[in-house]
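Novice: Kindly generate the corresponding structure for this input.
(one chain, ligands or ions: 1)
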Amino acid sequence: MGFRVKDFPYELRVGRDINCVSHLQATIADQETDFDFILVDVCHAMNFRTQKTLETRDIALTRADTCIRSGYWQDFVLTKINTQGGLVDCDSRHEHVRLRSEAIITQEINFAMHLSVHALVIDLPQGPRIENFARLLASYLMNVHTSATRFLMRIDLPASFEDAEATYEKYLEFKQLTGHCCKSVQIILVLQEDLPSWEHFQSRWIGEKVHSLQLDTNVFISNKNGFPVLSKRHQETVRAFMRQQCRIIVKTRHPNDKTDDHYNYLCHLFKTHDKLDEDDRIEVNYRNYLQSPLQPLADNLESATYEVFENDKIKYDIYENSIYKALMDKKKYGRFLQTKVVEGLEEKPFDGEVTVMYFGAGRGPLIRKALKAAEKADVKVKVIALDKNPNAIVTLRNMLIEENLGDRVTLFAGDMRHLSADVKGDILMSELLGSFGDNELSPECLNPTAKFLKEGGIFVPYSYTNYVVPLSSQIIWNEVNVYASQGLQARVPISQQLYPFELPYVVRIFSATHPCGETTKEVFTFRHLPYIQDEDQEMKVEVKRDGQGESTSMKKYDRVEFTVEQEQAEIHGFGGYFTAELYQEIFYSTNPAQHTPGMHSWFPMYFPIKEPFLARKGQQVHIAIWRNNSHAKVWYEWAMSLTEKTPEGASKLIMTTHIHNINGRGFSIGL
Ligand SMILES: C[S@@+](CC[C@H](N)C(=O)[O-])C[C@H]1O[C@@H](n2cnc3c(N)ncnc32)[C@H](O)[C@@H]1O
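Specialist: Residues are numbered from 1 along each chain as shown. The predicted structure is shown next:
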């Protein structure tokens with residue numbers, strides 16, 4: 001059912017937690033008009049039966065499965081295991097308590113599974129130890145794929161920072177103990193009247209698999225008309241989790257308590273939970289959704305893919321602006337001043353023709369932009385456009401005819417690396433960048449084109465730099481498994497099915513936190529040098545100052561270090577971003593610190609690690625990343641490690657992951 005609002009691909013689902021349900025069928029009839037699901041106890045813990053009492057007592061353990069249709073058990077009723085009230089403690093020091101607790105939980109899980117309930121709620125224990133509890137659950141989680149029942153771990157969130165932190169650490173311990181089994185466990189977060197700070201939520205829970213927020217009716221306050229509303233802090237938190245597509249559970253003290261007004265208020269909050277601007281509306285469907293990086297060199301892109309590129313007006317405006325600036329410099333000084341304006345440079349007016357070579361023209365959006373820039377700058381421009389995709393060439397040829405561009409634009413069909421035409425360009429323009437900058441093989445494709453540079457000619461863009469930052473996101477990490485299991489029907493290559501954690505994914509990273517802060521660090525840079533004449537001292541100085549002229553190797557290796565800022569966190573890999581510099585200060589970027597506003601051509605890259613690891617405040621997280629190549633392919637390899645400073649200031653290794661994607665076994669980019 002759910003509550004829907006225009007523009008959002010997801011709905012609000014609200015459930016109700018009810019204690020002491022005596023007549024389940026009547027309760028369902030009462031609740032199903034408003035609520036999407038209800039939570040009821042499997043049975044009361046006091047009803048526990050040993051094998052002996054099961055046979056001899058004449059009162060049943062709990063209500064019969066036949067009291068409602070099985071469809072209701074599967075879709076509408078979530079069952080709770082009642083572990084509160086001190087009756088159950090799987091980690092008690094006393095063996096008899098431990099054994100009885102295990103037996104109670106086992107009996108209730110088994111009965112819930114017999115009912116095929118969609119989800120079973122179990123509370124994270126309050127006591128200090130959880131190993132035995134985790135082991136018991138893991139024994140079920142191991143086989144969860146054979147059962148329709150999912151586990152929801154309910155966690156009470158205390159208000160004080162220390163207690164909230166201790167709760168979070170206990171949950172992390174549970175995840176570590178249950179290992180890969182825990183990936184199917186989702187969470188219910190119970191909000192109290194007082195909340196920990198928003199920073200606590202943001203940096204701890206946003207990347208976790210939060211199924212729902214639970215609000216007791218006493219958390220609501222009355223507005224001046226007597227209707228239940230939430231405090232500002234609660235509203236903020238609820239809205240933020242609605243954006244994460246979480247459900248809300250309302251818990252009442254008494255089964256007969258009225259909840260209509262609470263439900264209506266939550267729908268009102270959902271209506272205003274997010275403001276989507278035009279860009280958000282495009283990307284909202286892609287949040288946390290993994291895609292394999294495109295390979296425009298090895299594959300021929302499809303028409304619809306070009307159409308998506310062409311919708312990004314901002315990116316093409318940036319190109320137009322760069323070409324315009326370059327033409328204006330050429331017109332005034334008789335030369336390009338690519339990396340910076342040179343003070344006091346003598347003017348040398350130029351009124352000749354400028355040739356723009358456009359490598360990888362696709363369906364030609366930048367042809368129009370280059371001609372528009374020329375018109376604005378009042379400079380004669382000729383364009384030579386080339387693409388290796390024969391299907392895009394069809395569009396380009398039609399464009400030349402329909403827009404009457406035949407005398408200003410020349411077309412070449414073929415691979416730029418092997419072009420042998422007798423042509424030269426003043427500006428070598430391209431748009432060959434992927435989510436991690438060079439991952440669509442811009443360096444390999446553009447380096448051989450340097451021979452087409454005229455004297456004083458330049459590349460636009462002339463450099464691109466990649467950035468990385470560690471991430472924590474159980475949600476996106478879990479998606480990697482989902483992606484791999486799509487198998488043949490989704491045309492996932494066998495290498496990806498075998499090594500799903502050994503390839504980078506393009507993803508709009510939405511549900512993630514940054515335990516080492518959001519500031520990214522630079523890894524490799526590629527530069528495409530301008531044509532330098534021997535006598536061109538100024539250009540040489542400019543080039544040197546900009547750090548160009550360094551190694552142009554296409555194999556790269558870098559290692560960067562981050563310090564953990566959060567008390568404790570689980571690291572699931574790292575995000576990858578890039579910035580491309582086009583002309584002087586003009587750039588476009590996906591790097592969060594300088595992201596080009598309104599540009600949506602590239603989502604970030606996510607580099608997963610197979611085994612997430614725990615890191616503590618003050619420790620150092622390292623990312624090592626390689627770009628390797630052979631005659632046939634290019635690929636990245638990566639590893640993460642954790643170190644700690646000893647009192648003497650030395651660096652002590654705590655753990656390291658294996659090197660992912662060795663020799664490109666999970667993923668490579670065809671040359
Ligand atoms: C990312 S698309 C960009 C297309 C176009 N510039 C746009 O913005 O829509 C890259 C284009 O470069 C082409 N391409 C990639 N490598 C190439 C190569 N080595 N030689 C020629 N074209 C290439 C692809 O076919 C594709 O059309």
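
Novice: residues in contact with stretch 655-671?
Specialist: 293, 295, 297-298, 439-441, 444, 495-496, 498-504, 607-611, 613, 624, 628-629, 631-642 (CB atoms under 8 Å, 6 or more residues apart in numbering). The way it works is simple: take the backbone N, C-alpha and C, and place the C-beta from them, glycine included.

Novice: And it, end to end?
Specialist: One end of stretch 655-671 to the other measures 35 Å (CA to CA, to the nearest Å).

Novice: List the buried residues of it.
Specialist: Neighbour-count burial for stretch 655-671 flags T657, H660, N661, G664, G666, F667, S668, I669 (criterion: 16 or more other CB atoms under 10 Å).

Novice: Show the pLDDT at the fifth one.
Specialist: In the prediction, the pLDDT value recorded for G666 is 92.

Novice: rewinding a little: reformat the buried residues of stretch 655-671 as TSV; add secondary structure and distance to E581.
Specialist: TSV is the format used below for these (DSSP: H, G, I helix; E, B strand; the rest coil; distance: CB to CB, whole Å):
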residue	secondary structure	distance to E581
T657	coil	32
H660	strand	29
N661	coil	28
G664	helix	29
G666	coil	31
F667	coil	27
S668	coil	27
I669	strand	23
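
Novice: ok, these vs F452, which is closest?
Specialist: Nearest to F452 among the buried residues of stretch 655-671 is I669, at 23.8 Å by CB to CB.

Novice: what's across from the closest one in the sheet?
Specialist: V634 (DSSP bridges).

Novice: So it versus the ligand, what's the distance?
Specialist: Distance, I669 to the ligand, using CB to the nearest ligand atom, to the nearest Å: 11 Å.

Novice: which SSE is D558 in?
Specialist: strand 556-563 (DSSP states H and E).

Novice: Which element is encountered next along the chain beyond that strand?
Specialist: Reading on from strand 556-563 to the C-terminus, the next helix or strand found by DSSP H and E is strand 568-583.

Novice: number of nearby residues for T596?
Specialist: The number of residues packed around T596, counting by other CB atoms under 10 Å, is 19.

Novice: returning to that earlier point: now narrow the contacts of stretch 655-671 to whatever sits close to the ligand.
Specialist: Contacts with the ligand within the contacts of stretch 655-671, counted by CB under 6 Å from any ligand atom: L297.

Novice: Just the buried residues of the contacts of stretch 655-671.
Specialist: 293, 295, 297, 439-441, 444, 495-496, 499-504, 607-609, 613, 624, 628-629, 633-642.

Novice: Low-confidence ranges, this structure, go.
Specialist: Along the chain, the model assigns pLDDT under 70 to residues 44-61, 84-86, 144-146, 487-491, 532-552.

Novice: Could you break it into its assigned domains?
Specialist: Annotated domains of the chain cover 14-275, 303-461, 464-670 [automatic domain parsing].

Novice: Just put those domains in TSV and tack on distance to D7.
Specialist: Shown next, in TSV, are these (distance: least, CB to CB, whole Å):
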stretch	distance to D7
domain 14-275	9
domain 303-461	17
domain 464-670	16
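
Novice: Indicate which one of those is closest to N285.
Specialist: Of the domains of the chain, nearest to N285 by CB to CB is domain 464-670, at 9.0 Å.

Novice: and the contacts of stretch 655-671, which of them are in strands?
Specialist: Filtering the contacts of stretch 655-671 for membership in strands, criterion DSSP state E, returns 607-611, 613, 624, 628-629, 633-642.

Novice: Relative to S472, how far out is the closest residue to the ligand within the stretch 51-200 of the chain?
Specialist: Residue nearest to the ligand within the stretch 51-200 of the chain: K183 (34.2 Å; CB to the nearest ligand atom). Applying CB to CB, to the nearest Å, the value for K183 to S472 is 14 Å.

Novice: and these two? which has more neighbours close in?
Specialist: The neighbour count for K183 versus S472, taken as other CB under 10 Å, is higher for S472 (24 against 19).

Novice: pretty sure the more buried one is touching H572, no?
Specialist: Yes - in terms of CB atoms under 8 Å, S472 counts as a neighbour of H572; the distance is 5.7 Å.

Novice: if I look at the two, which residues touch both of them?
Specialist: G207.

Novice: Quick check: nearest residue in space to V97, chain neighbours excluded?
Specialist: Excluding the flanking residues, the one nearest V97 by CB to CB, 6 or more residues apart in numbering is D89, at 5.7 Å.

Novice: ok, the one you found - how many residues close by?
Specialist: Neighbour tally, D89, other CB under 10 Å: 19.

Novice: give the contact list for it.
Specialist: Each residue near D89 by CB under 8 Å, 6+ apart is listed here: V97, R98, S101, P125, G127.

Novice: Enumerate the residues of the stretch 151-300 of the chain near the ligand.
Specialist: Counting by CB under 6 Å from any ligand atom, the residues of the stretch 151-300 of the chain near the ligand are P296, L297.

Novice: Could you do the stretch 301-450 of the chain as well?
Specialist: 301, 306, 309-310, 360-362, 365-366, 386-389, 392, 415-417, 431-432, 445.

Novice: Which of those are buried? Put it as a PyMOL command.
Specialist: Typed into PyMOL, the next command selects the buried ones out of these (criterion: 16+ other CB under 10 Å):
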select buried, resi 301+306+360+361+362+365+366+386+387+388+389+392+416+417+431+432+445
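
Novice: Please flag which of the residues of the stretch 301-450 of the chain next to the ligand sit within helices.
Specialist: Judged by DSSP state H, these include Y306, F309, E310, P365, L366, A392, C445 as members of helices.

Novice: Now do stretch 319-329: distance to the chain's middle.
Specialist: Mean C-alpha position of stretch 319-329 versus that of the full chain (CA atoms, centre = their mean, to the nearest Å) differs by 35 Å.

Novice: residues making contact with that stretch?
Specialist: With contact meaning CB under 8 Å, 6+ apart, stretch 319-329 is reached by 335-338, 354, 356, 366, 369-370, 372-374, 376-377, 379, 381, 427, 429, 431, 458, 460, 582-584, 586.
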